[in-house]
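Participant: coordinates only, sequence not included:
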Ligand code: HOZ
């Protein structure tokens, strides 16, 4: 595949932007080679600067659940832009968005819009700390909640991809308040609570992690967390930036029937525009300024473009049969890939929850950070590049999830499986 133009752009970009990218994993350092510079996208496909086409399972890292360039989203965003890009003042669109979110997400009685998932998680833990008067937070190893200081401790996503799960630059005075536990272990949660009695403000986790690859919650895990946090007066925060509106309209909390105190959202809720949101029980959200003393603000928060694109996306997702269709497509891909993997003596382990999935090149089972880290990342890199050469775009790291969209056709999926068969034979 010819990527001359992408290579030229990448060379230039590296002189101007750290690593040539505005978000680290995009630089392809975990898989080698040059990232295609993307020019356009439509439906299930993206197109690079050299005119190559790829079936896309990244979907802008989650938001493009309807497929790229959905006409209703484009129309709504253009219309909003024609009325003015941003006013820094309340709009009717924000009210409509809040109503929709509250209707869809079980835990949310009030919601505040922000501009990114990072802002959402950062604000949610501030509310939890402000409400409880406690400083410590608990997060799971390998979960990623954006790049705010408190979260860059044993974090997944790019930090794990580049082998620096705890970032320099985070003051010890901040990180000392972040306690970590392995995902899927209630014993570890009990132990850390016992050792920090009455000091923990919140437990925050991705209910279905996607940032150490996709991991499934074990039976009773989320329910157990709910019981323990209720007993201890600890705020339970589900970070549903990835899983929200994806695993069900009401996210993982609807799918697994466990209602947290607070929820953070992003990605899908903006239909591809920059957005985030946090919400929860009224009692907690009424601590937020100007009703309460916990401060959080933003010039572009709730801007009409993101609201319009998000509202259209949520309305599309409310149509009957959407999640069934996503499930069917995702099962088709998983079944096909498992059949391929069974033909070759290469250790591989599959995880999938709804339309989020990962192929780990590890013996498995993969159920937490430690088991995910057993993956053969060099083999993943080879697999990734082989797929890219055959026109299939996967996330360029073993420690990220793949996303199915409603635009993926059976033909796309079957072509992906056929490509995987060719590549697996070379691993
Ligand atoms: N590490 C981010 C997703 N988990 C990547 C975001 C991006 O590069 O756009």
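Facilitator: Received the coordinates, thanks. Everything numeric in this text was worked out from a predicted model, so none of it was measured. Residues are numbered from 1 along each chain as shown.

Participant: Give me the phi and psi angles of residue 202.
Facilitator: phi -150, psi 160 (degrees, to the nearest 10).

Participant: can I assume it is in contact with residue 237?
Facilitator: Yes: the pair residue 202 / residue 237 is scored as a contact, 5.3 Å apart, by Cβ atoms under 8 Å. Heads up, the C-betas are built off the backbone N, CA and C, glycines and all.

Participant: Quick check: neighbours shared by these two?
Facilitator: 124, 125, 128, 262 (Cβ atoms under 8 Å, 6 or more residues apart in numbering).

Participant: Neighbour count for residue 202 and residue 237, which is higher?
Facilitator: Set side by side, residue 202 and residue 237 show more neighbours around residue 237, with 32 against 25, by other Cβ atoms under 10 Å.

Participant: show me what contacts that one?
Facilitator: 121, 124-125, 128, 202-205, 260-264, 280.

Participant: For the ligand, state which of the residues you listed is nearest.
Facilitator: residue 121 (12.7 Å; Cβ to the nearest ligand atom).

Participant: ok, residue 270 to the ligand distance?
Facilitator: Counting by Cβ to the nearest ligand atom, to the nearest Å, the gap between residue 270 and the ligand amounts to 13 Å.

Participant: wait, residue 12
Facilitator: From residue 12 to the ligand the distance is 19 Å (Cβ to the nearest ligand atom).

Participant: Now do whichever strand or helix holds that residue, average pLDDT.
Facilitator: For residue 12, the element it lies in under DSSP states H and E is helix 4-16. Helix 4-16 carries an average pLDDT of 98.

Participant: which residues sit against that helix?
Facilitator: 20, 21, 34, 35, 36, 37, 48, 49, 50.

Participant: redo that, cut-off 10 Å
Facilitator: 3, 19-22, 27-28, 33-39, 48-52 (Cβ atoms under 10 Å, 6 or more residues apart in numbering).

Participant: For the nearest residue to residue 323 once chain neighbours are set aside, give me its contacts.
Facilitator: Once flanking residues are discounted, residue 323 sits nearest to residue 248: 6.0 Å by Cβ to Cβ, 6 or more residues apart in numbering. By Cβ under 10 Å, 6+ apart, the contact list for residue 248 reads 104, 105, 106, 254, 255, 256, 317, 322, 323, 326, 354.

Participant: Repeat the analysis, applying 7 Å as the threshold.
Facilitator: Residue 248 makes contacts with 254, 255, 323, as judged by Cβ atoms under 7 Å, 6 or more residues apart in numbering.

Participant: So which bits of the protein are right by the ligand?
Facilitator: 23, 25, 26, 61, 144, 157, 158, 211, 400 (Cβ under 6 Å from any ligand atom).

Participant: In this protein, what helix or strand scores lowest on average pLDDT?
Facilitator: In the chain, the helix or strand scored least confidently by mean pLDDT, DSSP states H and E is helix 158-161, which has a mean of 82.

Participant: List of residues touching the helix or strand that comes right after it?
Facilitator: Next along the chain after helix 158-161, taking DSSP H and E as the criterion, comes helix 172-175. Residues outside helix 172-175 that contact it (Cβ under 7 Å, 6+ apart) are 149, 150, 153.

Participant: neighbours of the first one, just the number please.
Facilitator: Meaning residue 149. Neighbours of residue 149 using other Cβ under 10 Å come to 16.

Participant: and it, what pLDDT?
Facilitator: 93.

Participant: Surely it touches residue 167?
Facilitator: No: checked against Cβ atoms under 7 Å, the pair residue 149 and residue 167 is beyond contact range at 8.3 Å.

Participant: Surely residue 134 is in a strand?
Facilitator: No: Residue 134 is assigned coil when assessed by DSSP: H, G, I helix; E, B strand; the rest coil, not a strand.

Participant: What segments of the stretch 51-200 of the chain are strands?
Facilitator: 53-56, 110-114, 136-140, 178-181, 200-205 (DSSP state E, counting those that start in this stretch).

Participant: picking up where we left off before, assumed the residue nearest to residue 323 was part of a helix.
Facilitator: No: using three-state DSSP, the secondary structure at residue 248 is coil, not a helix.
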